[in-house]
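# got a predicted structure plus its sequence, pasted below:
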Amino acid sequence: MENKPIIHNPQHEQDTLRVAFISTEVAPFAKTGGLADVASALPKALSQQGAHVDILMPLYGHINTQAFGLRKLASEVQMEVPLGYYIEGVGVWQGTFPDSNIRVYFISHAWFFERANLYGDLTTGQDYSDNAARFTYFSRACLEVIKAFDLKPDIIHCNDYQTALIPAYLNLVYQDDPVFEHTATLYTIHNIQYQGRYPRETIDLINVGYENFYPTSPFEYFDQVNFMKAGLVYADLLNTVSKTYAREIQTPGEFDHGMEGVLQARSKELFGIVNGIDYDIWNPATDPLIPFPYNHDDLSGKIENKAALLSAFGLDASPDTPVIGIVSRLASQKGFDILGPCLDPILKQDVRVVVLGTGEARYHDLFNWIAAVYPEKIGLKLTFDNQLAHLIEAGSDMFLMPSQYEPCGLNQLYSLRYGTLPIVRKTGGLADTVRGYNSKEDEGTGFVFHAYTSEALLSTVNRALETYRDHPAIWQAMRRRAMQEDFSWETSAAAYMDLYYKALRKKGVERY
């Protein structure tokens, strides 16, 4: 029988499962989207499950080190990162995650990270031209920091393409390093569309040699270097953020973005775990960012929040007029192509629509145009505003999320908790979390359509508006049902803990 290293029952602190959680954005330090919320809430939930979690992320220029109480660390070990022909140093700052004892290690590099934004120029919508170098550096720097500060992770949990090189480095560069001998990797796909595809010369930056770059190799995709593909091949286990999305991305077509073959080859090692939400933050009964708290037993505060929301957008309406909320990144993935033709027929009705978000210029133009046509019916703020996002969830009657695809989605989960019934397409995490209204069975928590067409979307919006207007008792019952759904991180974190142990067993490490 093969001798396996044994790690005893983690009832004692020295035997606690240790996780290095690596992400390029973590709220409240840096955020562009849902990844930051996940990277904030999941480590806290893992800690509550008994894991010891350290977070590693870049120190971006906008992060106020003084406000967050960060301190610069010195290491007895000289940390160096080869990057092509150059050797880069590594600076490290440390802080504590708010309201926890979770340590956060910030990788500091003035040239790569002291910029206005995380991934690109928001004014042009273009990624930074040196992102390949930035995230190659970050991936290897994280491993050097883990070594220098003796973090001793059992699991390195990588997220999205920006960290996908870490499993490859562990297999190709650090394979004989005793520090990582018993360390397993989990790679989480939050959105398979964004893969980190770069020119073939990028292999020089990565420093793994052209012998690892050839047709169908782990790094190669149509003669380009593909960061995500390397993570998919080399990580011990894979997961994505809903069971339906895990199935969708293995099917050739609109969801896989060319990775179906790689994923099918690892189908037994690919899992779906739906994201949770942090009910300490997203709870209408305790939310400090909304003016009037409420719960499923007393919805009176929701009516008052609706008035406050309309006022914030400069709109006027009776309390009975339905309000549809949209909080979104304005991108094609989110379904705005099929929404565009629906806006005029929707807004001809007695309805108000409020929109918050930023993104592609064409969708800015779309909403600016419709707001000029119906200034009394649509409120528009093309910006990011966390407090206003909370008010939209609290004050709207419905939340519109007609995504073309959606790995998990968080806003529909917020909406359920706030009694704001989601209108969604049956895809990915939306299919896993919103139960469509069934008038015959009097069940459901929202309104769901299947076909990715304007006709299907408009029909479903009209059905929701009709239910709101003509069946108030049914609407209130759906609201209360939605608010009592449980999408807390506790269940999801337990599933991640199970995956961590599976990854360790796959590597030959047993925990008893």
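Done, it's in. Fair warning: this is a prediction, and the values are worked out from it, not measured in the lab.

# quick one: distance of stretch 243-251 to the chain centre.
From the chain centre to the centre of stretch 243-251 is a distance of 16 Å (C-alpha atoms, centre = their mean, to the nearest Å).

# nearest residue to V448 other than its sequence neighbours?
Leaving aside its sequence neighbours, V448 sits nearest to G436 (C-beta to C-beta, 6 or more residues apart in numbering; 3.4 Å). Every C-beta, even on glycine, is put in place using the N, C-alpha and C of the backbone.

# which residues does that neighbour contact?
426, 444, 446-448 (C-beta atoms under 8 Å, 6 or more residues apart in numbering).

# show me what it is bridged to.
G446 (DSSP bridges).

# was I right to think Y294 contacts A285?
Yes - between Y294 and A285 there is a contact under C-beta atoms under 8 Å: 6.8 Å.

# ok, these two, which is more surrounded?
Of the pair Y294 and A285, Y294 is the one with more neighbours under other C-beta atoms under 10 Å, namely 21 against 14.

# so the chain: which segments form each domain?
6-276+490-511, 300-486 (automatic domain parsing).

# and of those domains, who's closest to L289?
L289 lies closest to domain 300-486 among the domains of the chain, at 4.0 Å (C-beta to C-beta).

# give me the distance from the closest one to the chain's centre.
With C-alpha atoms, centre = their mean, you get 20 Å for domain 300-486.

# ends of that domain, what's the gap?
22 Å (C-alpha to C-alpha, to the nearest Å).

# what about Y214, neighbour count?
10.

# quick check: bridge partners of the residue nearest to K243 when sequence neighbours are not counted?
Leaving aside its sequence neighbours, K243 sits nearest to G272 (C-beta to C-beta, 6+ apart; 3.5 Å). Note on G272: beta-bridge partners T240, judged by DSSP bridges.

# you'd agree G272 is up against V241?
Yes - taking C-beta under 8 Å as the definition, G272 is a contact partner of V241 at 7.4 Å.

# of the two, who's got more company?
V241 (26 against 22).

# let me see the contact set for the more buried one.
38, 188-190, 272-275, 407-408, 429.

# distance to K506, pLDDT and secondary structure added to those residues, as TSV?
Formatted as TSV, the contacts of V241 follow (distance: C-beta to C-beta, whole Å; pLDDT from 0 to 100; DSSP: H, G, I helix; E, B strand; the rest coil):
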residue	distance to K506	pLDDT	secondary structure
V38	23	94	helix
T188	16	98	strand
I189	18	96	strand
H190	22	95	coil
G272	18	96	strand
I273	17	96	coil
V274	23	95	coil
N275	24	94	coil
P407	24	92	coil
C408	24	93	coil
G429	26	95	helix
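
# ok, the residues you listed vs T321, which is closest?
G429 (30.2 Å).

# list the contacts for the closest one?
Contacts of G429 by C-beta under 8 Å, 6+ apart are 241-242, 244-245, 274-275, 406-409, 412.

# cutoff 10 Å now
The contact partners of G429, by C-beta atoms under 10 Å, 6 or more residues apart in numbering, come to 240-245, 272, 274-275, 403, 405-410, 412-413.

# PyMOL command for the buried members of those residues?
Burial among those is assessed by 16 or more other C-beta atoms under 10 Å; the matching PyMOL selection reads:
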select buried, resi 240+241+242+243+244+245+272+274+275+403+405+406+407+408+409+410+412+413
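
# below-threshold pLDDT in the stretch 1-150 of the chain: ranges please.
By pLDDT under 70, the low-scoring segments of the stretch 1-150 of the chain are 1-15.

# got it, and the stretch 251-400 of the chain?
Checking the stretch 251-400 of the chain against pLDDT under 70 turns up 254.

# in it, what residue spans correspond to helices?
260-265, 300-312, 336-347, 361-373, 386-395 (DSSP state H, counting those that start in this stretch).

# quick one, the last one and helix 300-312 angle?
Using axes from the mean of the first three to the mean of the last three C-alpha atoms, to 10 degrees, the direction of helix 386-395 lies 130 degrees away from that of helix 300-312.

# which other helices and strands does helix 386-395 contact?
Helices and strands touching helix 386-395, by 3 or more C-beta pairs under 10 Å, 6 or more residues apart in numbering; DSSP states H and E, are helix 300-312, strand 323-327, strand 352-356, strand 378-381, helix 411-417.

# now distance to L83 too, for the ones you listed, in TSV please.
TSV is the format used below for the helices and strands packed on helix 386-395 (distance: least, C-beta to C-beta, whole Å):
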stretch	distance to L83
helix 300-312	47
strand 323-327	38
strand 352-356	39
strand 378-381	40
helix 411-417	38
